[in-house]
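Asker: predicted coordinates and the sequence they were generated for:
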Amino acid sequence: MKRPIKMQMEGYEVVEKKAERGGNSARVYVPKAWIGKKVRVVLIEQ
């Protein structure tokens, strides 16, 4: 069983969403204004 890790990040906006099925992977949709921006996705539950 993996243990959660602590991390600290700085950012400008946050959204919390459920990853949805997307073919052979999962997807998380973010605001259109984020297109072309660098983002991070963090798994927050096991």
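Answerer: Yes, it's here. If you're wondering where the values come from, they're calculated on a predicted model, not measured in any experiment.

Asker: could you find the closest non-adjacent residue to the spatially most central residue of the chain?
Answerer: Centrality entry for the chain: nearest residue to the mean C-alpha point is Val41, 2.5 Å, by Cα atoms, centre = their mean. Nearest in space to Val41, with sequence neighbours left out and distances taken as Cβ to Cβ, 6 or more residues apart in numbering, is Val28 at 5.9 Å. Just so you know, the C-beta spots here come from the backbone N, C-alpha and C atoms, and that holds for glycine as well.

Asker: follow-up on the earlier one: looks like the residue nearest to the centre of the chain contacts Arg27 (just checking).
Answerer: No. In this structure, Val41 sits apart from Arg27 without contact. The criterion is Cβ atoms under 8 Å, and the distance is 10.2 Å.

Asker: what strand or helix carries Arg3?
Answerer: Assigned by DSSP states H and E, Arg3 belongs to neither a helix nor a strand.

Asker: if I look at it, how far off is Gly22?
Answerer: Counting by Cβ to Cβ, to the nearest Å, the separation of Arg3 from Gly22 is 28 Å.

Asker: ok, the two, which is more surrounded?
Answerer: Residue environment comparison for Arg3 versus Gly22 gives the larger neighbour count to Gly22, 10 against 5, counting by other Cβ atoms under 10 Å.

Asker: could you give the bridge partners of the more buried one?
Answerer: Gly22 has these beta-bridge partners by DSSP bridges: Ser25.

Asker: ok, it to Val42 distance?
Answerer: Using Cβ to Cβ, Gly22 is found at 18 Å from Val42.
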